[in-house]
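Chemist: compute the structure for the input listed below.
(chains A and B)
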Amino acid sequence: MRKCIKALLALALCLALLPVAALASPGDAVLARRDDASFTDYIRATASLGDTLYLLGNSGVYTWKPGEADLTMYEGKFENDEWSEDNSSSTYSNVAGMVAWNGEIYIIENVTRFEAQQGTNAFEGMYLSKLVFGEDGTCTCERGDQLDWEPLMEYYDENEYARSPEQTVVVGDTLYAKIYGDNGIELYAIPLDGGYSKQVEGIEELYAFAAYTEGRLLVEELTYNDGYTITLKTYDPESDSMDLVYSKAGDDYDPLVGIAVDPENGFIYYQSQGMLDRLDVETLDVVPVNDLPANAYSESGALLLDGGYYVTATYEAVIVRNTDPALRAEKTLSVCNSAYVDAINRAYYDFGNARGDVSVAISTDYSASQNLVEAMMNHSTQYDIYVIRGTESAYSAVYNRGYMTELSGSKILSDFVGQMYPGLIDQLQYNGQLVAIPFEPESSTFAMSKAALEKLGCAPEDVPANWPDFLDWLGTLAPKMEEAGVSLAYEWETQANFREELFNHIFTDYQKYLNYSGQEQGYNTDLLYNALKKLEELDLSAFGLPEEINYDEDGSFGGSWSEEDSKSILFQGFTSCTIADSYSFREYIPLLLSMDANTPAIMQLSVSYAFVNPYSENKEEAIAFLETATGSMRDAQKASLIPTMNEPARSSYYEENKKSIQEELDNINSLLAEATGEDKQMYEDMLRDYQQYMEYIEYDMWEISPYAIEWYRAHDDNIIFEKYHPLYSGESSAEIYDILQQYIGGTMTLEQMLRSIDQKVQMMVLEGN
Amino acid sequence: MFTKKKSVLLFLLPGCMGLMVFYVVPFFGGVWYSVTDGTYKNSFVGLQNYLAIWKNQMFLLGLKNTLVLSLICAPTVWLLSFVAASLLARIKPAGALFRNSILLPYLMPSSAMLLIWLVIFDYGGPINRAIAGMGLERVLWLEGGALRVPIILLFIWKNLGFAVIIFLSALQAIPEPLYEFARLEGAGFWKQTFSITLPMVVPSAFLVIILEWINAFKIFKEVYFIGGAYPDESVYTLQNYMNNMFSKLNYQNVTTAAYSFALIVFALFGALFLTQRRLMKTLT
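Modeler: Next comes the predicted model:
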């Protein structure tokens, strides 16, 4: 009977705990996400009091407590710019930080005065101003006492500038601030209740700091001496002494990011490769307690709310995580995002919202992707999903060996891929089954300035479409350059640099042509020889390019530069030419050239691929994550992969920016109407500038621009997707590079160079994979 | 003695375990790699990998070059070392200096020797200057087919010393009275050589030829250092092929090539041992 009762109680306990175990850690939240259309503010600082989190935005202050669904907003503006009546000076205040002290929330106000006549800035003071939260949903600040900011001042000519803190922490009645000083990063102790500030000495290469136990400060140093060493020290302000707590040396740059300390037990929480870890300095045990976005790093540091919640504010969102490892989700999905694909990082948030029962840890460990084949051969389950550039040899090896989970069973993924270019679909399949999902297409080519062409009396249609003709045509422009006020390349380009640049373009375009045509890999061909021979014959000295660069006495290049000057430079170097980069087309013409008049110009895209580890123990969740990631991909990137996505779409910032510029235009027009003399001229110039901004907004602010679509789709028949090639990776690429450098350096003739490369490439091809 | 048999086994155990772990198990592991396809399913494919590799042009080229280089290097070192040892044996007291000098290249690290060779055979190096001095055209020794010459000379220079030591030991072990008796009986130099010297040094001679052949088969790092992973076709060895396959993580091709070559080496040395046995019977 007793045994039955015990069994029933145990079953009841399990059932009671089951819902808890099935959910993500209670209290986990993503706040103030930039991609969230409902949140348009920008979080600048964070602070906490007890279990309440305070976020300072441009429009006010937001509060939140664990368990609440939304932020509570208190509207308020804390930055002011007031001109004196006679317009001789203005007093400007901006917020340098936000802190919690003595049960209240304060902002640090930096007040400066600008003297219009002298054109100088004078420091008025750094004030600790208390925030007052009204029941009407507004927030005001009461200016308090000045802080001693004298040691943190910067003087330049007759100007005074107060250095702003990069990170602030309050311990007791002292504000600790990290400043970029004259001698690098420095830590200052600033009394909040009056007194003089001072620099905290005895710190070498300060990285971060946090409040520690017993009124002390935890300081993290990161030093480099034939390897990186992380050192944690505690600073006792009473004795003004530093004590070593922890030290770790290694080859990799791997600091403890976003440190925060639990004051009760001294546990140190920090971020590492997509995880929130907890370090016990007594035992040196490290326990992963929760997951974080891969790019969760923030300069403002992290904090802990009462109840054990870790908070970090990043550019993208404010992340709150429960630090109790026992409350973690049952399953953890590990993603190796070594290709830094944005959609994968964004999917972290979207997937977390939909699947609270799965914790996602995203790592950017590049070495994991390099050791991919060994991991597969060892049946490693370390990562469930790998995201890797398609040009990596590791990806090629894994793909050829079929080490990828079949994804054809997912309708979302199959439908998504089914819309893409046929050539790409082929690369996503293995034995007829879908195995990989593409992300982040990239492509680049060189560009020419439209304005420079116009000055030379040429239209974009006049530019020849193949390399031999193009180089001949380029030669005819040399006599016209000086008169037209056009330069072939930027001042710092020597003849040798520029020739090498063109050489690389031709060589790459030839490689693209071989990939496109499916021909045998041969480099000792007339097609390549003719193009390179034309390049050899091009007289770059006729364009006025220097043979070597003349540096100033202090070693700098010198010379002033403006955007207007750049328009007179004919060659603009590399420019991106995918649909996602519509800004390329306003002032520049991307040029794709073919090898000769009988071959097409090839557009080659480089793509990252995500696939599921065939040995993953969380395949279902991994596939669900990839489904989410396809939805998180930006439309402009999708349009580069899907030939039927041709609907132009405005940027999400278009309306906001247009409204802002229009307001300025209206303001300037009204001022212009009443202005006279010099002021009138000034306002007319301003009007012209803002009208130009408006033109830029109309032309540039597209997510998917009509010009990009038109240019891109014109190359639809000649799009290929780049694969791994030994010429560009590994030991053999270094040998090819040596040969190319010998040719460029003049120690090898063109014929010898082509023969040498051809011989090596033939051997590579004959060897096989 | 036999009552302690069990403790003998205990003493042998660590060595046996090491042999198992580092030789036997990897050996059979490699065999398994060579008969599977290396994909996710890792299917058994029998001798398909072997058939495929024996049709691969680069494997055949590497094999051919390896055999050709070994056929040039090993007998050359064998012959030169015998002559050098014979000469050294005649200048016994002063021979120590020459013996130590001739052994020095064997003890030097390869990378250091390669640097010396790169300087010597450089386009503007002493060899080419001597050639130019004779009115001939300079040669690009470190490129193309001419790379064979420095590779072979480097091998000879490095391995000569050790072979000389072996031959010298063998020659010094021949009792002097045999030669005295032969001279008294009217035997000349060649008669003494073929009737006394050669029969007495046959075991060492075979040892030398086998060691040098094994070393010749291992010619790679010099070629790799100078010519890279894809050197000229005339010096592309089987090791280059295996190294490149290893770089591509194609363990199937690496093991298949290695075991194919091992079979050839076993056959070759098997023939050598049989030849040695017959020769010993004939001479004794």
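Chemist: quick check: phi and psi on residue A:458?
Modeler: Here is the backbone geometry of residue A:458 (degrees, to the nearest 10): phi -120, psi 150.
Chemist: any chance you could map the strands in the stretch 551-700 of chain A?
Modeler: Along the stretch 551-700 of chain A, counting by DSSP state E, counting those that start in this stretch, strands occupy A:571-576, A:588-591, A:603-612, A:649-650.
Chemist: could you say which of the ones you listed is packed most deeply?
Modeler: Neighbour counts (mean count of other Cβ atoms under 10 Å in any protein chain shown) averaged over each of the strands of the stretch 551-700 of chain A peak at strand A:603-612, with a mean of 24. Just so you know, the C-beta spots here come from the backbone N, C-alpha and C atoms, and that holds for glycine as well.
Chemist: and chain A, which residues reach chain B?
Modeler: Where chain A comes near chain B, counting by Cβ under 8 Å from any Cβ of the partner chain, the residues are A:373-374, A:376-377, A:393, A:397, A:401-404, A:614, A:730-732, A:734-735, A:738, A:759-760, A:763-764, A:766-769.
Chemist: name the helix or strand for residue A:54, please.
Modeler: Residue A:54 belongs to strand A:52-56 when assigned by DSSP states H and E.
Chemist: now do that strand: everything it contacts.
Modeler: With contact meaning Cβ atoms under 8 Å, 6 or more residues apart in numbering or on different chains, strand A:52-56 is reached by A:31-32, A:43-48, A:61-65, A:71, A:95, A:98, A:100, A:105, A:107, A:305, A:311, A:313, A:318, A:320.
Chemist: what of stretch A:467-485?
Modeler: With Cβ under 8 Å, 6+ apart as the test, stretch A:467-485 has contacts from A:455-458, A:462-464, A:486-488, A:502, A:506, A:509, A:530-531, A:534-535, A:537-539, A:542-544, A:568, A:570, A:593-597.
Chemist: stretch B:261-275 too?
Modeler: B:63, B:66, B:206, B:209-210, B:213-214, B:217, B:238.
Chemist: and of those, the nearest to residue A:57?
Modeler: residue B:238 (67.9 Å; Cβ to Cβ).
Chemist: pLDDT of the helix or strand hosting residue B:277, averaged?
Modeler: If you go by DSSP H and E, residue B:277 is part of helix B:251-283. For helix B:251-283, mean pLDDT is 89.
Chemist: next, the buried residues of that helix.
Modeler: Residues of helix B:251-283 classed as buried under the neighbour-count rule (16 or more other Cβ atoms under 10 Å in any protein chain shown) are B:251-261, B:276.
Chemist: adjacent strands (with direction) for the strand holding residue A:54?
Modeler: Here strand A:52-56 has these sheet partners by DSSP bridges: strand A:45-49 (antiparallel), strand A:60-64 (antiparallel).
Chemist: tell me, how many residues neighbour the single nearest residue of the stretch 101-250 of chain A relative to chain B?
Modeler: Nearest to chain B, among the residues of the stretch 101-250 of chain A, is residue A:226, at 22.9 Å (Cβ to the nearest Cβ). Counted with other Cβ atoms under 10 Å in any protein chain shown, residues neighbouring residue A:226 total 7.
Chemist: list the contacts of residue 255.
Modeler: You didn't say which chain, so I picked chain A. Neighbouring residues of residue A:255 by Cβ under 8 Å, 6+ apart: A:207-208, A:220, A:222, A:228, A:230.
Chemist: hm, I was asking about chain B
Modeler: Going by Cβ under 8 Å, 6+ apart, residue B:255 touches B:30-31, B:33-34.
Chemist: ok, so of those, who is nearest chain A?
Modeler: Distances from chain A to the contacts of residue B:255, taken by Cβ to the nearest Cβ, are shortest for residue B:33, at 10.0 Å.
Chemist: the closest one is in contact with residue B:251, isn't it?
Modeler: Yes: using Cβ atoms under 8 Å, residue B:33 is in contact with residue B:251, at 5.0 Å.
Chemist: distance check, residue A:690 against residue A:668.
Modeler: Per Cβ to Cβ, to the nearest Å, residue A:690 is found 6 Å from residue A:668.
Chemist: compare those two (neighbour count), which wins?
Modeler: Taking other Cβ under 10 Å, residue A:690 and residue A:668 do not tie; residue A:668 has more neighbours (21 against 18).
Chemist: now do the contacts for residue A:112.
Modeler: Counting by Cβ under 8 Å, 6+ apart, residue A:112 touches A:91-93, A:121-124, A:160-162.
Chemist: on the three-state scheme, it is what?
Modeler: Following DSSP: H, G, I helix; E, B strand; the rest coil, we place residue A:112 in the strand state.
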